[in-house]
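J.: Fold the following.
(chains A and B)
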Protein chains: 2
Amino acid sequence: MNFLMPTEVVMGRRCIIDNASIFARYGKRAMLVTGAKSAKLNGSQEDVIAALKSQGMEYIVFDKIMANPTIDIVYEGAVLARENAIQLIIGIGGGSPMDAAKVIALLAAQDISRENLFGGKYEDKILPMIMVPTTAGSGSEVTKYAILTNDVAQTKISIATPLVFPNVAMLDASYTETLTMKTTVNTAIDALSHSIEGMLSKRANAISDLLAAESIKIIAECFKELESGQVSIVSRERLLYASALGGMVISQTGTVAVHAMGYSLTYFKNVDHGQANGLLMGEFLNYINEFEPDMISKILSFMNMNTIDEFKHKMATLLERIEKITEEEIEQYSKTVMKTGHIKNCIVTLDYEGVKRIYEKSV
Amino acid sequence: MNFLMPTEVVMGRRCIIDNASIFARYGKRAMLVTGAKSAKLNGSQEDVIAALKSQGMEYIVFDKIMANPTIDIVYEGAVLARENAIQLIIGIGGGSPMDAAKVIALLAAQDISRENLFGGKYEDKILPMIMVPTTAGSGSEVTKYAILTNDVAQTKISIATPLVFPNVAMLDASYTETLTMKTTVNTAIDALSHSIEGMLSKRANAISDLLAAESIKIIAECFKELESGQVSIVSRERLLYASALGGMVISQTGTVAVHAMGYSLTYFKNVDHGQANGLLMGEFLNYINEFEPDMISKILSFMNMNTIDEFKHKMATLLERIEKITEEEIEQYSKTVMKTGHIKNCIVTLDYEGVKRIYEKSV
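T.: Here you go, the predicted structure:
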């Protein structure tokens, strides 16, 4: 067993304002890394700036992070951080801004060429990072991953190193209240996929399974509210917590085939990441069930479900359908998936025909 | 909620030999901090030395740590570490050597006077630490605490700082096979008390409760083997894991009255730490039960028990009795206890009469 999760987690309403001194631990000059809009609408940017001001800190805002961030944008952010002698990177937003913030923190502290960016060999240097998630999905605030869009590989691709574990994650669910229901649901299903895939990883261990089980239970308890279109702040807090648990899980286990398969749908068809995972998960569970039925029963039991069909039905109720994809596209995506480490990371090794079949039956 | 547990946990048979490269991360020159005998008998010292040699590292052995280590011994160790330009401290043993190793790592990296040793104000400097627990009890391998005997305060006293979180904990249950049954039982009950007290702390949170519940369940599942005098290696692995979970719990929550009360029994009567906690726990639960019956029922349910009497009976079966203590002694101990932070840390605030009554009914 191996377990590592060095990020300090601070959670609660107003936790940023109430823990402003945490920012001052890391220096005088901070850079906020975020998207163009949502951090301004949901109050998170304002709270972070108020906290920084209360500590007499200076800051700049880099708010150019798009969904599925590119390699160009993180290099641009790193140049800005260096020019301004930034000492602390603060990522605010969903997985995209947080992941971009991690890579900016890395590139601001050491020179890495584009060719070597995904190579995994880095010096032991990175700027301190504080993450403020404003969706309850990616879990990036507590992971050792940063996922960017790689146009050479034509898919999303991970930087995976303990270096990018944030120093602190500050979780205030009130920032998720302005999300659309669609994003609330999709991100919750993303978190669910982290915990389910984590349990089906070869690297699962006692602690990751404990966290995954708790996370799956909590998210399933929220299905009803997610369906109803009305999610209370209490449930939002539970979802944000479950999402962080999911992040802790995949930092130990990695994800498996569902994530690899979803990346192609996101890259080529612009399907939302959580939606893609949710729609692929049912058929993936069917595949695994042929070899590891006890494991699948256990996972279903955490959601109070008896059959995979019940799970598939729930996903179909919660998530929008994906437009039909052609047999040619499926073959192309399946080939990409077969090249990933995700395939080997699963307790059941999927073959090419199996991956194709999951795509075919899912969309 | 606040959660921090930055220690990397590596667990499994032969994990030290199989992960020898972890030692080399931290430099060339290591100091082993351990007791006189047990690390030599149980194979842990030999394995650590083999791992260091395989990495071409140099080492010295400081094997003078006694049970309930004194302030003198940690200053002596720190001088030795400085004289030998040590870069890595390796604590091997139960709570005593691991706690001493933490303070030696601190004192080797910065000058702290004896007066300020327990003051909590330290510079941000400490030597890297790797811990190898050889009992399944203290959880020190994953805590931010180091507990020494303080003759001025006439009790055991904690250094509490995130600085002393070890970098790595390496858990191989085979080293616990040479323990006497008495120590096996007492240390298991110590771990149990960490998780139970953690759940009754004001600082308990969702994650600490999740870890505590799991730890309590595992230890209770081992009661039968602990009673029988035959503990399998599988159960020893479960106990070592549960003990680490208990350590993670108290790093978030601290301990409450039972630990404070037990310290006096250990200091004045030389009662084993785990034994003291176990024998005081039942009456402590009775006290809390008057105010928080649901909480106590929940904790009992994790052990498949219905009543506190059932719990007391189990402790009486597992643990040796303590010699009678006088009313005067009880008054003295109770006054010491009332001065500790442990009292205020409990979800129910104990008063002096309550503490006295717990002592009176327990011994």
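J.: where along the stretch 51-200 of chain A do the strands fall?
T.: Using DSSP state E, counting those that start in this stretch, the strands of the stretch 51-200 of chain A run over residues A:58-62, A:88-93, A:129-133, A:145-150, A:155-160, A:168-171.
J.: which of these is buried the deepest?
T.: Burial of these is given as mean neighbour count (mean count of other CB atoms under 10 Å in any protein chain shown); strand A:88-93 ranks first at a mean of 30. From N, CA and C alone the C-beta is placed, and that goes for glycine too.
J.: That strand near chain B anywhere?
T.: No - using CB under 8 Å from any CB of the partner chain, strand A:88-93 never reaches chain B; the gap is at least 15.6 Å.
J.: Residues contacting that strand, please?
T.: With CB atoms under 8 Å, 6 or more residues apart in numbering or on different chains as the contact definition, strand A:88-93 has outside contacts at A:23, A:26-27, A:29-35, A:38-39, A:44-45, A:48, A:59, A:65, A:81, A:97-102, A:104-105, A:108, A:127-135, A:140-141, A:166.
J.: And for the residue of the stretch 251-363 of chain A found nearest chain B, the neighbour number?
T.: When scored by CB to the nearest CB, the stretch 251-363 of chain A has residue A:252 as its residue closest to chain B, at 10.1 Å. The number of residues packed near residue A:252 is 23, by other CB atoms under 10 Å in any protein chain shown.
J.: so, in contact with chain B or not, stretch A:291-301?
T.: No - Stretch A:291-301 stays clear of chain B (CB under 8 Å from any CB), getting no nearer than 15.6 Å.
J.: in that stretch, what counts as buried?
T.: A:292, A:295-296, A:299-300 (16 or more other CB atoms under 10 Å in any protein chain shown).
J.: Let me have the residues you listed in TSV, extended by secondary structure.
T.: What follows is the buried residues of stretch A:291-301, written out as TSV (DSSP: H, G, I helix; E, B strand; the rest coil):
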residue	secondary structure
A:292	coil
A:295	helix
A:296	helix
A:299	helix
A:300	helix
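J.: got the residues of the stretch 1-150 of chain A near chain B?
T.: A:1-6, A:8-12.
J.: what's around residue A:115, how many residues?
T.: Neighbour tally, residue A:115, other CB under 10 Å: 8.
J.: now swap in residue A:120 and tell me
T.: Residue A:120: 10 neighbours (other CB under 10 Å).
J.: List buried residues within the residues of the stretch 1-150 of chain A next to chain B.
T.: The neighbour count (16+ other CB under 10 Å) marks A:1, A:3-6, A:8-12 as buried among the residues of the stretch 1-150 of chain A next to chain B.
J.: wait, which of the residues you listed is closest to residue B:234?
T.: Of all those, residue B:234 sits closest to residue A:1, with 14.2 Å by CB to CB.
J.: Excluding chain neighbours, give the residue nearest to residue A:41 in space.
T.: residue A:178 (5.4 Å; CB to CB, 6 or more residues apart in numbering or on different chains).
J.: Name whatever forms a beta bridge with the residue in the stretch 51-200 of chain A that chain B sits nearest to.
T.: Taking CB to the nearest CB as the measure, the stretch 51-200 of chain A has residue A:171 as its residue closest to chain B, at 8.0 Å. On the basis of DSSP bridges, residue A:171 is bridged to residue A:11.
J.: Hmm, it is touching residue A:9, no?
T.: Yes - the pair residue A:171 and residue A:9 passes the contact test of CB atoms under 8 Å, sitting 6.8 Å apart.
J.: joint contacts of these two?
T.: In contact with both residue A:171 and residue A:9: A:141, A:244, using CB under 8 Å, 6+ apart.
J.: Contact partners for residue A:314?
T.: Neighbouring residues of residue A:314 by CB under 8 Å, 6+ apart: A:223, A:303, A:305.
J.: swap in residue A:232?
T.: Contacts here follow CB under 8 Å, 6+ apart; on that basis residue A:232 touches residue A:225.
J.: what about it, distance to residue A:319?
T.: For residue A:232, the distance to residue A:319 (CB to CB, to the nearest Å) stands at 21 Å.
J.: Spit out the contact partners of the residue nearest to residue A:360 when sequence neighbours are not counted.
T.: In this structure, residue A:360 finds its nearest non-sequential neighbour in residue A:330, 6.2 Å apart by CB to CB, 6+ apart. Applying CB under 8 Å, 6+ apart, we find residue A:330 in contact with A:356, A:359-360.
J.: Just among these, which is most surrounded?
T.: Of all the contacts of residue A:330, the most densely surrounded is residue A:359 (22 neighbours; neighbours counted as other CB under 10 Å).
J.: Surely it and residue A:261 touch.
T.: Yes - using CB under 8 Å, residue A:359 makes contact with residue A:261 at a distance of 6.7 Å.
J.: which neighbours do these two share?
T.: A:280, A:333.
J.: Now do the host helix or strand of residue A:9 against strand B:2-11, angle only.
T.: Residue A:9 is part of strand A:2-11 when elements are defined by DSSP states H and E. Counting by axes from the mean of the first three to the mean of the last three CA atoms, to 10 degrees, strand A:2-11 points 180 degrees away from the direction of strand B:2-11.
J.: Give me the next element, helix or strand, following strand A:2-11.
T.: Next in sequence after strand A:2-11, counting helices and strands by DSSP H and E, comes helix A:15-18.
J.: how about that next one: buried residues?
T.: A:15-16.
J.: repeat for stretch A:55-72
T.: Neighbour-count burial for stretch A:55-72 [16+ other CB under 10 Å]: A:57, A:59, A:61-65, A:68-69, A:71.
J.: what's the lowest-pLDDT member of those?
T.: pLDDT across the buried residues of stretch A:55-72 is lowest for residue A:68, at 87.
J.: So what sits opposite the closest residue to it other than its chain neighbours in the bridge?
T.: Closest residue to residue A:68 apart from its sequence neighbours, by CB to CB, 6+ apart: residue A:149 at 4.6 Å. Under the criterion DSSP bridges, residue A:149 forms beta bridges with residue A:156.
J.: OK, contacts around residue A:136?
T.: Contacts of residue A:136 (CB under 8 Å, 6+ apart): A:173, A:176, A:184, A:187-188, A:191, A:236, A:239-240, A:242-243.
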